[in-house]
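Asker: Sequence and predicted model, in that order:
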Amino acid sequence: MNKTIIISSILLLTACNEIPYSTITNNPVPIEDKSAPSPTTPPITPPIVDLGTGGLKVVIHESNNFSNTDLERLEQARVILENVLNTEEFKQKVLHFTYLGEETFVQNNGYSNLEVYNLIMAGAEQYPKQTPVNHLMDLYTELYYGSSGVIGYTNPSVPTIYMNNYYFSDYTPGEIAGNLIHEWLHKLGFDHDYNSTARRPYTVPYAIGYIIDDLTSKL
């Protein structure tokens, strides 16, 4: 995972590489914080009460550079993502996600697990512009051809999620779904460590992506 920060325009480019789901343990060793500067905490205030389960619709507005076969796989991933997000199983996984014995995510912008869940269900992106609470996950995707190391990336100045065909071509629809929500969560203002660290799998983008991938194989 690499990030390029252009201070003059306050531009944060987030590129994410792969950490196998199996690397997540129940008792990670605390390490020094080596995170890059994080985006501003989303200004919306999520409800702190349980509003119920589901209600989020996943919409792909753009899909550039995809072949017809790729588009079919992308659509399969979209359907999987929407279905899994709206299950009680997903909600419970988020609400009871733990780090170092506490129900919390790393780099959670000060939000509780319930607030993180409510933010996801609200569908109110903060980058590149604030959208209202509309219960829509707005996705703009583009396939590119790169080398190994970076699964995909996004940029707060544009809505696009860039997906590396090096991985996309071999990924299952469930893995693609996990990558999509990982990058989309950056649009909500959630970040993760610059380097591959012991705590990074417990950040909101990584952890939620792994939850989606895990539940896809079980549901």
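Answerer: Okay, I see it.

Asker: Could I get the average pLDDT for the helix or strand harbouring residue 138?
Answerer: Element membership for residue 138, per DSSP states H and E: strand 136-144. Regarding strand 136-144, the rounded mean pLDDT is 97.

Asker: Pull up the pairing partners for that strand, direction included.
Answerer: Strand partners for strand 136-144, identified by DSSP bridges, are recorded as strand 57-64 (parallel), strand 160-164 (parallel).

Asker: Residue 131 against residue 124, yeah?
Answerer: Yes. Counting by Cβ atoms under 8 Å, residue 131 does reach residue 124; the two are 5.5 Å apart. No exception for glycine: its C-beta is placed from N, CA and C like everyone else's.

Asker: Compare those two and say which is more crowded by neighbours.
Answerer: A side-by-side neighbour count of residue 131 and residue 124, using other Cβ atoms under 10 Å, places residue 124 first with 21 against 16.

Asker: List the buried residues for the longest helix seen in the chain?
Answerer: Secondary structure assigned by DSSP state H gives helix 68-85 as the longest helix of the chain. Applying a neighbour-count criterion of 16 or more other Cβ atoms under 10 Å, one finds 70, 73, 74, 77, 78, 80, 81, 82, 83, 84, 85 buried in helix 68-85.

Asker: Which strands or helices does that helix pack on?
Answerer: Taking 3 or more Cβ pairs under 8 Å, 6 or more residues apart in numbering; DSSP states H and E as contact, the helices and strands that helix 68-85 lies on are strand 57-64, strand 136-144, helix 165-168, helix 173-187, helix 204-216.

Asker: Between helix 173-187 and the second one, find me the angle.
Answerer: Per axes from the mean of the first three to the mean of the last three Cα atoms, to 10 degrees, the angle that strand 136-144 makes with helix 173-187 is 110 degrees.

Asker: contacting residues around stretch 156-168?
Answerer: Residues outside stretch 156-168 that contact it (Cβ atoms under 8 Å, 6 or more residues apart in numbering): 9, 11-12, 18, 39, 62, 70, 73, 125, 127-128, 138-148, 150-154, 176, 179-180, 183-184, 186-187.

Asker: Done for today, thanks.
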